[in-house]
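Colleague: Just a sequence and a predicted model for now, questions to come.
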Amino acid sequence: MTTSEVPVKRRQRGPTDPDRRGRIARAAIKVIGEQGVNALTHRRVAAAAEVPLGSTTYHFATLDDLIAAALHHAADRSVEQLREWANQLPPDADLAEALADFVMDSVSVKREDTMAEYNLYALALHRPGLRKAAVDWDLALADVLSERTDPVTGRMLGVLLCGLLMQAVLSDEPEDRAQLVTLLRRALDGAAGG
């Protein structure tokens, strides 16, 4: 066999950007956080993700598909961040103070992410296909908080945190940390007494 007869191996085609789908979902969250759900388009997401427009429509044929992926990604990211936060707390941490700090960070440093998350969460009210992801998100939040308290208190704190975060991102006024601590402490004390 001569050199010209040696079969040429063709390069196998594989994913050159294995995280492209995730990057597009994260870009959708960014667009929603900056401009709102009504501004979400494949074109804006493609620009934010720095991918060709065809990539967004290839991975997400409809905006509903893109929104669903963004909701799942936002929920997973939110719960993961809460888990990391909880794992870093010392066992004897003052939970009311720590949760107040968590809220303050969520509505200041992470405000855009929090706004995007609540935009996506609210969409589940009118899009039945998103409801399970939103409910699972609530349950995961309650599970994380239950590890520091008990199941009923964990669920109550999850509901309280959701309400506090929603109110904080809706308001133009800065959040009062002392008031947050008071509300959280009352909830924790009431749970301990009940």
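Modeller: Structure's in. What do you need?
Colleague: can you give me the helices for the protein?
Modeller: 20-35, 42-49, 53-59, 63-88, 95-107, 111-123, 128-146, 151-170, 177-193 (DSSP state H).
Colleague: quick one: the fifth one to helix 177-193, angle?
Modeller: When you say that, I think you mean helix 95-107. Here the directions of helix 95-107 and helix 177-193 differ by 140 degrees (axes from the mean of the first three to the mean of the last three C-alpha atoms, to 10 degrees).
Colleague: what mean pLDDT does helix 95-107 have?
Modeller: Here helix 95-107 scores 93 as its mean pLDDT.
Colleague: What residues of that helix count as buried?
Modeller: By neighbour count on 16 or more other C-beta atoms under 10 Å, the buried set for helix 95-107 is 95-96, 98-104, 106-107. C-beta: built from backbone N, CA, C; applies to glycine.
Colleague: Spatially, what comes nearest to the most centrally placed residue in the chain if we skip its sequence neighbours?
Modeller: Residue closest to the mean C-alpha point of the chain, counted by C-alpha atoms, centre = their mean, is A74 at 2.4 Å. Sequence neighbours aside, E117 is the residue nearest to A74 in space, at 4.8 Å (criterion: C-beta to C-beta, 6 or more residues apart in numbering).
Colleague: contacting residues around the one you found?
Modeller: The contact partners of E117, taken as C-beta atoms under 8 Å, 6 or more residues apart in numbering, are 29, 74-75, 78.
Colleague: Would you check that L157 makes contact with L99?
Modeller: Yes: using C-beta atoms under 8 Å, L157 is in contact with L99, at 7.0 Å.
Colleague: hey, what's in contact with both of those two?
Modeller: L184.
Colleague: tally of neighbours for H59?
Modeller: When counting by other C-beta atoms under 10 Å, one arrives at 19 neighbours for H59.
Colleague: distance of it from L71?
Modeller: Plainly put, H59 is 15 Å away from L71 if you go by C-beta to C-beta, to the nearest Å.
Colleague: got any ranges where the chain has weak pLDDT?
Modeller: 1-15, 192-194 (pLDDT under 70).
Colleague: mind redoing it with 80?
Modeller: 1-17, 190-194 (pLDDT under 80).
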